[in-house]
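S.K.: I need the structure of the sequence given here:
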Amino acid sequence: MTDSVAPIGKLELKKENHVGYVIFNNQAKFNAMNFNMWQALPSAIQSFVDDSDIRLIVLAGAGDKAFVSGADISQFDQQRNGGDAAEAYNRVTEAAYNSVLDCPKPTLAKVRGICMGGGLGLALNCDVRICASDARFRMPAGRLGLGYGYEGVQRFIEVLGVANTSDLFFSARIFGADDAHHMGLVKQVVSVEEFDVTVKAYSQQVCENAPLS
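M.R.: Predicted structure coming up:
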């Protein structure tokens, strides 16, 4: 049974069999995170934390092209170009990342298509990541001339190790699902045809276990 929950801007929320879904829906920009989406994410996560019926929170992208392609760079000139605006933007994005990383309920990133920049950071902050075979990853900060916070880099190192983290940040290269699996970024790579069924089955397996354990 699926229950719709009121959307928060370009974030869609739904409930299905003890699973809460946060769906990034900005398909015109490959689900890039604009300021309002970053700002709304902690509330979206908290709504499922407060719901005693929810045992697992899944983060996913709308459509079949992208999980999250990164931050919406069209807003950078106004909101990340130094001064108070940049500080406010950084506070909001940090709160969004932390809402996922510090979530007291299990979190799963369901990654299909493009997962880059801020999207890769969000996926890494989840407890588990499963991707479709068409997933494409990148950390493009070096290409864009952007800094990356210490806490974010530390999370990359925790999940991927120093060598892989250095590679991804220094090269800013695009890499595929098999490479992501090899370096431990994702738990499992699934064919596009079986992706939804596999993620749903895994989610239900998690929900059947003792939640406090």
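S.K.: buried ones in the longest helix anywhere in the chain?
M.R.: Counting residues, the longest helix found in the chain (DSSP state H) is helix 150-171. Buried positions in helix 150-171, judged by neighbour count with 16 or more other C-beta atoms under 10 Å: 152-153, 155-156, 159-160, 164-165, 167-168. C-betas here are computed from N, CA, C, even on glycine.
S.K.: out of the helices and strands in this protein, which is least certain?
M.R.: When the helices and strands of the chain are scored by mean pLDDT, DSSP states H and E, helix 76-79 comes last with a mean of 56.
S.K.: C-terminal to it, what's the next element?
M.R.: helix 83-101 (DSSP states H and E).
S.K.: quick check: buried residues in that following helix?
M.R.: 89, 92-93, 96-97, 99-101.
S.K.: quick check: which ranges of the chain have low pLDDT?
M.R.: 1-2, 4-7, 75-85 (pLDDT under 70).
S.K.: hey, where'd the strands end up in it?
M.R.: 2-8, 11-16, 19-24, 56-61, 66-68, 107-111, 114-116, 128-132, 136-138, 175-176, 188-190 (DSSP state E).
S.K.: can you put the ones you listed in a markdown table and add distance to residue 211?
M.R.: Below are these laid out as a markdown table (distance: least, C-beta to C-beta, whole Å):
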| stretch | distance to residue 211 |
| --- | --- |
| strand 2-8 | 19 |
| strand 11-16 | 15 |
| strand 19-24 | 12 |
| strand 56-61 | 9 |
| strand 66-68 | 26 |
| strand 107-111 | 14 |
| strand 114-116 | 28 |
| strand 128-132 | 15 |
| strand 136-138 | 31 |
| strand 175-176 | 35 |
| strand 188-190 | 22 |
